[in-house]
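Q: Here is a sequence together with a model predicted from it:
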Amino acid sequence: MIVFKTMLGSLFRDAQTLFWSIAFPIGLLVGLGTYFDDPQYSQQLLAGVLTMSVLFGSLNITAFGVLQQRNRGVYKLLKATPFSIASFVSCLTGARTVVGLIVSLVTLAVGMMVFHVSFNALSLLMLVLILILGTICFVSLGFVAANFAQNEGQVNMISNLTGMPMLFLSEAFYSLENAPVWVQMLSKCSPFTYFVQAAEATVQGNLSAAFFYALILGCFTLLVLALAVLSFRWDSESKRMIRLGSAN
């Protein structure tokens, strides 16, 4: 619990986190909401900005944060404690998920005012659960990016090569209905696609479809979280991949 509170406090003091996770998506919502005046597209736009904020706020900021702390030797000190890798990754993921959820709710509140979108209690609860699941997934992906990088240049390259294709291969801001078949097939291999579809279905009030997409997103989340634990390194000299039998 102490480690969790410490991590949570450090995240809120990070100006980069607060700017890119709050100021940028809210500015995007207000700007696009002023430009577009289509209620149907407004729902897609709200879901797209929400999920994009989670994707880059979780993936990029987590990747840079983990790399910096590891290179400073912070994690090397924790290696001497009984703290297991799984516990540490879960703890840091939980802290970043709390921050991400707060940011998402602020963005959602602004979006509801800008686009005049309302939710019933069940839809709002479903959307919150989807945002939590998506945040866990992409925070874990940020761990993976940092685990395979040695410096900030590499982590920036890995994060962008991971996040940008996910965004462009999704229907966050446009339809892929007329896209080539291979593009649609690649889109179905991305967890962000199902994150967007789950959020958009919830905004539109289609909870059965949202639940289906959330299940697929949950499977991706478990897979990425396992990869984050298995590839975690306490310090820059450690091997990238860790055997299942190694707990700490």
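A: Ah, there it is.
Q: just the helices in the protein please.
A: 2-12, 15-18, 24-35, 39-71, 74-78, 85-115, 121-147, 152-168, 181-188, 191-203, 207-230 (DSSP state H).
Q: okay, those helices in CSV with mean pLDDT next?
A: Compiled in CSV, the helices of the chain are given as follows (pLDDT from 0 to 100):
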stretch, mean pLDDT
helix 2-12, 54
helix 15-18, 58
helix 24-35, 75
helix 39-71, 83
helix 74-78, 72
helix 85-115, 82
helix 121-147, 92
helix 152-168, 90
helix 181-188, 92
helix 191-203, 94
helix 207-230, 94
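Q: Out of those, which is the most enclosed?
A: helix 191-203 (a mean of 27; mean count of other CB atoms under 10 Å). Any C-beta I mention is one placed from the backbone N, CA and C, and that applies to glycine too.
Q: How about residues contacting that one?
A: The contact list for helix 191-203 (CB atoms under 8 Å, 6 or more residues apart in numbering) reads 43-44, 46-48, 50-51, 54-55, 117, 119, 123, 126-127, 130-131, 133-134, 137-138, 141, 166-167, 169-172, 187, 207, 209-210, 213-214, 216-217, 220-221, 224.
Q: In CSV, list the C-alpha atoms belonging to that helix.
A: Coordinates of the C-alpha atoms in helix 191-203 are reproduced here as CSV (Å, rounded to 0.1, in the frame of the first residue of the first chain):
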residue,chain,number,x,y,z
PRO,A,191,-6.5,-4.5,-28.8
PHE,A,192,-7.2,-0.8,-29.5
THR,A,193,-9.8,-1.8,-32.1
TYR,A,194,-11.9,-3.6,-29.6
PHE,A,195,-11.3,-0.8,-27.0
VAL,A,196,-12.8,1.7,-29.5
GLN,A,197,-15.6,-0.6,-30.5
ALA,A,198,-16.5,-1.3,-26.8
ALA,A,199,-16.5,2.4,-25.9
GLU,A,200,-18.4,3.5,-29.0
ALA,A,201,-21.1,0.8,-28.5
THR,A,202,-21.5,1.9,-24.9
VAL,A,203,-21.9,5.6,-26.0
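Q: Would you mind measuring from the residue nearest to Ser123 when sequence neighbours are not counted to Ser190?
A: By the measure of CB to CB, 6 or more residues apart in numbering, the closest residue to Ser123 outside its immediate chain neighbours is Thr202, 5.7 Å from it. Computed as CB to CB, to the nearest Å, the Thr202 to Ser190 distance reads 19 Å.
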